[in-house]
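A.B. asks: give me coordinates for this.
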Amino acid sequence: MKSAHLVCIMVFVGLSGCDIDNGFQDLQTYMDEVHARSRGAIEPLPVFRPYEAFAYGAAAMRSPFQPPVKIDPASQRRGLRDIRPDESRSRQYLEGFNIEVFEMVGTLSNGMGMQALVRGVDGIHRVRVGDYLGRNHGRVVEIDEASVEVVEIVPDGEGGWLERPRSLALRKRS
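C.D. replies: So this is what the prediction gives:
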């Protein structure tokens, strides 16, 4: 019985805070003000320009962060016919990536010689002298504890080819 009285008192106190007579007069006043300001007109949607796709066409060009190949006009005329990539050989896996993505992270050596460890896009790979890496027919010519020396064969733009030396320096731990 005490609990029934307590529940009734709680309901009465809860409902006494409600003002039933006022209703939603303040909300109605606000709605009338907004309606008077807008006069019933709806602004048109803004005009959007359609999206134009951009096709990047410089993927095969030299990186702007690499120094340009300097061509000496005197040496350009001689020996260019002798330099040519071997198109008949089968391409190695690491030739499918740009040489800029590789960094030397270490070396291994045994009785068969020294190998370099290079980190690429998909992990760490071993390379030996004579292996190829990079898209420009880059051949590893020398490996020491601090660097991997690579010689790339690049077109000179006039039907000939140039050898361009590249070096992958050992990445120091930071």
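
A.B. asks: now do the contacts for residue 107.
C.D. replies: 114, 115, 116, 117, 143, 144, 145 (C-beta atoms under 8 Å, 6 or more residues apart in numbering). No exception for glycine: its C-beta is placed from N, CA and C like everyone else's.

A.B. asks: and it, what are its bridge partners?
C.D. replies: residue 116 (DSSP bridges).

A.B. asks: mind pulling up the pLDDT for it?
C.D. replies: On pLDDT, residue 107 comes in at 90.

A.B. asks: same thing with residue 116?
C.D. replies: For residue 116, the predicted pLDDT is 91.

A.B. asks: so it touches residue 124, yeah?
C.D. replies: No: applying C-beta atoms under 8 Å as the test, residue 116 and residue 124 come out as separate, 10.3 Å apart.

A.B. asks: out of the two, which sits in the busier spot?
C.D. replies: Higher neighbour count among residue 116 and residue 124: residue 116, with 28 against 11, using other C-beta atoms under 10 Å.

A.B. asks: any idea how far residue 33 is from that one?
C.D. replies: For residue 116, the distance to residue 33 (C-beta to C-beta, to the nearest Å) stands at 77 Å.

A.B. asks: please apply the same query to residue 113.
C.D. replies: According to C-beta to C-beta, residue 113 stands 87 Å off from residue 33.

A.B. asks: residue ranges in the protein under the pLDDT threshold?
C.D. replies: For the chain, residues meeting the criterion pLDDT under 70 lie at 1-2, 5, 13-22, 38-41, 59-60, 71-81, 173-174.

A.B. asks: what about the strands in the protein?
C.D. replies: 103-110, 113-120, 123-127, 139-143, 147-155, 161-169 (DSSP state E).

A.B. asks: buried stuff in the fourth one?
C.D. replies: Of the residues in strand 139-143, 139, 140, 143 count as buried by neighbour count, 16 or more other C-beta atoms under 10 Å.

A.B. asks: same question, the fifth one
C.D. replies: Of the residues in strand 147-155, those with enough neighbours to count as buried (16+ other C-beta under 10 Å) are 148, 149, 150, 152, 153, 154.

A.B. asks: quick check: bridge partners of the fifth one?
C.D. replies: Applying DSSP bridges to residue 153 gives these bridge partners: residue 163.

A.B. asks: thanks a lot, see you next time.
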